[in-house]
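Asker: Here is my input; please provide its structure:
(chains A and B)
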Amino acid sequence: MKRILIIEDEDRIRKIYTQLLTDEGFEVIESSDASEAYDVLNKGGIDLVLLDIKMPVIFGSILYEVMQSFHDKVKVIVSSVYPLDEQKRIVKGAIDYHDKSHGTQLLIEKVKKALAENK
Amino acid sequence: MVKGYVFVKLFIPILIAATLLYLVWRGIVRHIMKPVKKIAEIAEQITHEDLSARVDIKHSGAETKYLISSFNDMISRLESSFKYIVESNSYIAHELKTPIAIIRGEAEIALKKERDKEEYKKVIGIALDESKKMLKTIEDLLLLTKMTYRPEFLNFEKIDLNRFLNDIHEQSKILTVEKNISVDINVPEISEQVKGDEISLRRLFFNIIDNAIKFTPQNGQIKINIKYKKRKAIVSISDTGMGIAEKDIPKLFDKFFRANKEKNRYTSGSGLGLPIAQSIAELHKANITVNSTLGKGSTFIVTLSILPH
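Answerer: Next up is the predicted model:
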């Protein structure tokens, strides 16, 4: 079973993603705090990270470090309410980007596609 | 014969003089119109997409410098208004997309298969809550814009400040019941009057009080204190809440900023309460200052001018 780490500080959104991905048959690890997530990532065994970014605070933040340190080792899908082109401009190295308001079906497709791809 | 001779002798010099005068006149007009022409050329370049053009003031005479700098200042003011509108649009889009993501996510998951009654009720309840929050965000932003651009909607009257703040105190007690926060007021014996729009002043004080309630834990305290000094009314609202970091204080009234990283960052209202309070204060020629100690509490001080007797 693939293991997905969700890094999202908005409780309601994190709950939705957890239920969504669990229903799809993935093992989900939740984290509302980037430093907690950092520890989980260091232990290894994560197949995909769903990373929420609160823009434009990404730079100099621990979330940025997560991206920098782990994007080579694990697949990261960035999620935000900001438009996709802005997300792509600000955060490089993610395997995919998701606009939270575009719905859960799209997110599942992106997750499945990312997991199927060879890194 | 004589007539013809007089005619030539008079007419030709007059004609020459008139022509010369005309040419001089044309020269003067052209000279005067040069800066006006410059302004017209720049004005042609200004569109809602590009307000960056300015008239070059360097090679102009003193008389026209004033005209040109007024023109340039006007464009600068328009440019900041447009920037504000664009920023507000981004802010609205961002603030509204999170509740949309929540409503959509919950609805999509609920509809995937048969659920029981309680689960459906929960999802409908969430949709209702989030809709209300979106509405508040929109209304607050519209209010902020209206106050910035159309302050004439205010209705200024004489307000008895003791009476006014005592009312606010009474009503705050209802808001603090849930968290069991005590609200006390200290008014001087003799009241003073201020000139203001009562509805918006109420909003100003309630926005500050709401903020105090939000960041003060159970069983905390809020104190309202009024002091009349010289020709000012100094109203302070202090709480025993979590306080605000020194570095965050200047950003409190910035509509894009939220000081404290409380757990459910998003659920705490539209974030526009304090910026709205600030706008109302400005319209009343009042000001708001903040003192705070992290972990101990904060004090918001509103200073208003008192009406002479």
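
Asker: Least confident secondary structure element in chain A?
Answerer: When each helix and strand of chain A is scored by mean pLDDT, DSSP states H and E, helix A:62-70 comes last, with a mean of 70.

Asker: Sheet-wise, list the partners of the following helix or strand past that one with their directions.
Answerer: Sequence order places strand A:75-80 as the next helix or strand after helix A:62-70, per DSSP states H and E. Using DSSP bridges, strand A:75-80 pairs in its sheet with strand A:48-52 (parallel), strand A:96-99 (parallel).

Asker: got the contact list for strand A:75-80?
Answerer: Strand A:75-80 has contacts (C-beta atoms under 8 Å, 6 or more residues apart in numbering or on different chains) with A:8, A:47-55, A:67, A:70, A:87, A:91, A:93-100, A:107, A:110-111, A:114-115, A:117, A:119. Glycine gets a C-beta too; all of them are placed from N, C-alpha and C.

Asker: export it as PDB, just CAs?
Answerer: Output of strand A:75-80 as PDB, limited to C-alpha atoms (Å, rounded to 0.1, in the frame of the first residue of the first chain):
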ATOM      1  CA  LYS A  75       7.300  12.900  -5.000                       C
ATOM      2  CA  VAL A  76       5.600  16.100  -3.900                       C
ATOM      3  CA  ILE A  77       2.300  17.500  -5.000                       C
ATOM      4  CA  VAL A  78       1.900  21.100  -4.000                       C
ATOM      5  CA  SER A  79      -1.600  22.300  -3.100                       C
ATOM      6  CA  SER A  80      -2.800  25.800  -2.500                       C
END
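
Asker: Quick one: distance of that strand to the chain centre.
Answerer: Centroid separation for strand A:75-80 versus its chain: 4 Å, with C-alpha atoms, centre = their mean, to the nearest Å.

Asker: That one: which residues count as buried?
Answerer: For strand A:75-80, the neighbour count (16 or more other C-beta atoms under 10 Å in any protein chain shown) marks A:75, A:76, A:77, A:78, A:79, A:80 as buried.

Asker: count of residues packed around the closest residue to the fifth one other than its chain neighbours?
Answerer: This means residue A:79. Once flanking residues are discounted, residue A:79 sits nearest to residue A:98: 4.3 Å by C-beta to C-beta, 6 or more residues apart in numbering or on different chains. Neighbourhood size, residue A:98 [other C-beta atoms under 10 Å in any protein chain shown]: 22.

Asker: isn't residue A:98 right up against residue A:110?
Answerer: Yes - assessed by C-beta atoms under 8 Å, residue A:98 is found in contact with residue A:110 at 5.8 Å.

Asker: How about the contacts made by residue B:175?
Answerer: The contact partners of residue B:175, taken as C-beta under 8 Å, 6+ apart, are B:209, B:210, B:213.

Asker: Outside of stretch B:195-208 itself, list whatever touches it.
Answerer: B:147, B:154-159, B:164-165, B:168, B:171-172, B:235, B:237, B:273-274, B:276-277, B:280-281, B:283-284, B:288, B:300, B:302, B:304-305, B:307.

Asker: related to what we said a few turns ago, mind giving me CSV with the strands paired with strand A:75-80 and columns for mean pLDDT?
Answerer: Shown next, in CSV, are the strands paired with strand A:75-80 (pLDDT from 0 to 100):
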stretch, mean pLDDT
strand A:48-52, 90
strand A:96-99, 94
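
Asker: Quick one: the helices in chain A, in order.
Answerer: Using DSSP state H, the helices of chain A run over A:11-23, A:34-43, A:62-70, A:84-90, A:104-116.

Asker: So which of those has the densest surroundings on average?
Answerer: Most buried of the helices of chain A by mean neighbour count (mean count of other C-beta atoms under 10 Å in any protein chain shown) is helix A:11-23; its value is a mean of 19.

Asker: quick check, that helix touching chain B?
Answerer: Yes - looking at helix A:11-23 against chain B by C-beta under 8 Å from any C-beta of the partner chain, the contacts come from A:11, A:12, A:13, A:16, A:17, A:19, A:20, A:23.

Asker: got a markdown table for those residues, with pLDDT too?
Answerer: Putting the residues of helix A:11-23 next to chain B into a markdown table (pLDDT from 0 to 100) gives the following:
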| residue | pLDDT |
| --- | --- |
| A:11 | 88 |
| A:12 | 90 |
| A:13 | 91 |
| A:16 | 94 |
| A:17 | 95 |
| A:19 | 95 |
| A:20 | 95 |
| A:23 | 94 |
